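Novice: Sequence below, structure please.
(one chain, ligands or ions: 1)
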Amino acid sequence: MPADLPERLLHYIGGEHVASADGATFEVLDPTSNETYLHAAAGQAADVDRAVAAAQRAFDEGPWPRMLPRERSRVLHRVADIVESRDARLAELESFDSGLPITQALGQARRAAENFRFFADLVVAQTDDAFKVPGRQLNYVNRKPIGVAGLITPWNTPFMLESWKLGPALATGNTVVLKPAEFTPLSASLWAGIFEEAGVPAGVFNLVHGLGEEAGDALVKHPGVPLISFTGESRTGQLIFANAAPHLKGLSMELGGKSPAVVFADADLDAAIDATIFGVFSLNGERCTAGSRILVQRGIYDEFVERFAAQATRVVVGPPHDERTEVGALVHPEHYAKVMGYIEVGRTEARLVAGGGCPDGFPTGNYVAPTVFVDVPADARIFQEEIFGPVVAITPFDTDDEALALANGVRYGLAAYIWTNDLTRAHTFAQAVESGMVWLNSNNVRDLRTPFGGVKASGLGHEGGYRSVDFYTHQQAVHISL
Ligand code: NAD
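Specialist: Below is the predicted model:
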């Protein structure tokens with residue numbers, strides 16, 4: 001257990017750490033034992049009201065929205081410096097709270113710092129259009145922060161995903177209320193100290209812990225919050241969409257996935273196997289862009305399956321804090337039960353060639369051996385539904401058309417991975433596949449300037465680069481006749 005763990009977590013509202021108005025709390029569990037290790041304040045509508053009022057005051061009266069981009073940028077670079085300087089502690093707490101392997105949690109902490117740096121630089125470089133009709137008109141765009149942004153985040157890589165929203169929302173001059181996931185509130189509680197130290201004025205950042213159906217719901221329905229950036233399950237996204245509709249809120253939705261990795265017979269097989277192993281088992285398989293369906297061309301199918309299964313059994317399952325661990329403990333017993341339930345379903349739908357439950361030697365905690373099902377039919381539940389754990393479905397195909405039909409034959413459309421040495425095939429397939437993002441012969445490399453988002457049930461809107469700036473700002477057109 002990390003040293004100096006808090007015993008309780010409070011909300012952070014208007015620069016103060018406060019309990020819920022009614023004193024309510026919820027339990028937070030250690031995923032390696034499922035014992036309660038702290039209590040967090042359980043925000044209700046009254047707490048969200050308080051947080052929104054503080055954020056509104058900071059927006060209406062405080063310096064933050066009125067600062068020059070360069071001044072805000074300086075503060076946000078300090079945030080990045082502080083996050084970087086504490087990356088080991090952040091990784092330790094994140095790994096303990098979420099069950100992610102410590103080495104991977106460290107990478108996520110560094111990504112969080114980079115998110116702040118990127119948006120701090122972007123708003124300084126920001127230019128807006130001017131349109132001229134010679135001798136007659138001059139029209140230009142006036143970009144303004146919107147107000148109080150509601151940010152609702154999930155429990156997989158919690159700190160990094162919070163930074164993905166906090167960075168652009170704050171860089172563009174908004175004030176925020178963050179509602180982090182209730183399974184993993186620990187790292188979110190560090191933001192208050194980081195922002196204070198960096199010089200973010202009180203009331204600009206507010207944090208309300210709590211359950212989705214209470215604190216999250218109140219934030220979505222609050223009339224003083226004109227925009228909601230949400231990352232989480234597609235089903236929750238649908239509910240939020242409906243609840244935000246009466247208020248006509250701006251919505252950005254980053255939702256679930258069931259992404260295909262398509263391996264053609266001409267691919268570099270060593271690279272494809274390494275990458276697809278990493279793609280589905282890293283971050284405990286709790287990754288929105290996980291390549292959780294692998295489609296393999298018939299000519300290499302048997303060899304691929306044999307090598308993939310052998311490699312999957314060599315993936316090191318272990319305690320999250322151990323640097324050798326490659327798959328840690330799933331976040332929570334409820335999620336563990338869901339993943340185990342899918343493994344049982346999978347046994348009736350396909351052929352199990354690796355894993356299939358809790359590995360030996362883990363009497364407590366949410367440990368799952370990397371699990372590989374093969375010959376999975378396209379109508380199987382383990383092919384169609386997001387499992388969000390270290391479980392993969394492998395399916396053979398013969399032709400490019402068949403691969404495309406399989407790739408597109410699910411409700412999701414977040415990412416796709418294509419492995420082939422045929423350039424024309426790679427780009428043709430990328431055009432036709434229904435996904436927000438495609439990786440060709442590569443594995444989840446990111447460039448923060450590119451759009452991030454999904455199609456179909458995987459999302460609505462895009463963030464990344466100037467798209468995030470667009471989401472968090474009004475663009476007012478100003479027209480002048482000359
Ligand atoms: P979830 O939808 O259960 O919860 C996400 C957040 O929404 C939590 O903070 C939760 O408290 C809150 N919430 C729940 N019900 C709510 C309601 N009625 N109103 C308002 N807020 C509510 O998702 P999860 O289980 O925490 O996260 C896993 C999911 O997130 C997976 O589906 C995964 O694919 C997805 N995800 C997507 C991306 C992406 O960028 N597309 C990234 C990471 C995770």
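
Novice: which parts of the helix or strand containing residue 342 are buried?
Specialist: Per DSSP states H and E, residue 342 falls inside helix 333-349. Neighbour counts using 16 or more other C-beta atoms under 10 Å place 335-336, 339-340, 342-343, 345-346, 349 of helix 333-349 among the buried residues. (C-beta placed from N, C-alpha, C; glycine too.)

Novice: nearest to residue 210, of those residues?
Specialist: residue 335 (18.4 Å; C-beta to C-beta).

Novice: Just confirm that closest one contacts residue 366, I think it does.
Specialist: Yes: at 7.2 Å, residue 335 counts as touching residue 366 under the criterion of C-beta atoms under 8 Å.

Novice: can you map out the strands along the stretch 151-300 of the chain?
Specialist: 175-179, 205-207, 227-231, 250-254, 260-263, 293-297 (DSSP state E, counting those that start in this stretch).

Novice: Show me what from the stretch 351-482 of the chain comes close to the ligand.
Specialist: 386, 388, 414, 454, 459 (C-beta under 6 Å from any ligand atom).

Novice: Geometrically speaking, which residue is the centre of this structure?
Specialist: Closest residue to the average C-alpha location of the chain: residue 161 at 4.7 Å, with C-alpha atoms, centre = their mean.

Novice: Chain neighbours aside, what residue packs nearest to it?
Specialist: In space, and not counting its chain neighbours, residue 161 is closest to residue 153: 4.9 Å by C-beta to C-beta, 6 or more residues apart in numbering.

Novice: List the residues that contact that neighbour.
Specialist: Applying C-beta atoms under 8 Å, 6 or more residues apart in numbering to residue 153 gives the contacts 161-162, 165, 178-181, 188, 231-232.

Novice: quick one: it from residue 459, how far?
Specialist: Relative to residue 459, residue 153 is positioned 14 Å away (C-beta to C-beta, to the nearest Å).

Novice: got it, and residue 482?
Specialist: In terms of C-beta to C-beta, residue 482 sits 43 Å off from residue 459.

Novice: What pLDDT does the model give residue 116?
Specialist: Looking at residue 116, its pLDDT reads 98.

Novice: give me the number of residues near it?
Specialist: By the criterion of other C-beta atoms under 10 Å, residue 116 has 29 neighbours.

Novice: That one contacts residue 82, correct?
Specialist: No: Residue 116 is not in contact with residue 82 according to C-beta under 8 Å; the separation is 9.4 Å.

Novice: Show me which of residue 482 and residue 459 is the more surrounded one.
Specialist: residue 459 (26 against 9).

Novice: give the contact list for that one.
Specialist: Contacts of residue 459 by C-beta under 8 Å, 6+ apart are 237, 253-255, 414, 436, 453.

Novice: same thing but at 6 Å, please
Specialist: 253-255, 453 (C-beta atoms under 6 Å, 6 or more residues apart in numbering).

Novice: The ligand contacts on the stretch 51-200 of the chain?
Specialist: 152-156, 161, 179, 181-182.

Novice: let's go with 5 Å and repeat that
Specialist: Those residues of the stretch 51-200 of the chain that sit near the ligand, judged by C-beta under 5 Å from any ligand atom, are 152, 154-155, 181.

Novice: Got a PyMOL select line for the buried ones in those?
Specialist: PyMOL command restricting those to the buried ones, with burial defined by 16+ other C-beta under 10 Å:
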select buried, resi 152+154+155+181
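
Novice: Got the phi and psi for the residue of the chain most remote from its centre?
Specialist: What lies farthest from the middle of the chain is residue 135; by C-alpha atoms, centre = their mean that is 49.1 Å. Main-chain torsions, residue 135, degrees, to the nearest 10: phi 80, psi -10.

Novice: Cool, thanks, signing off.
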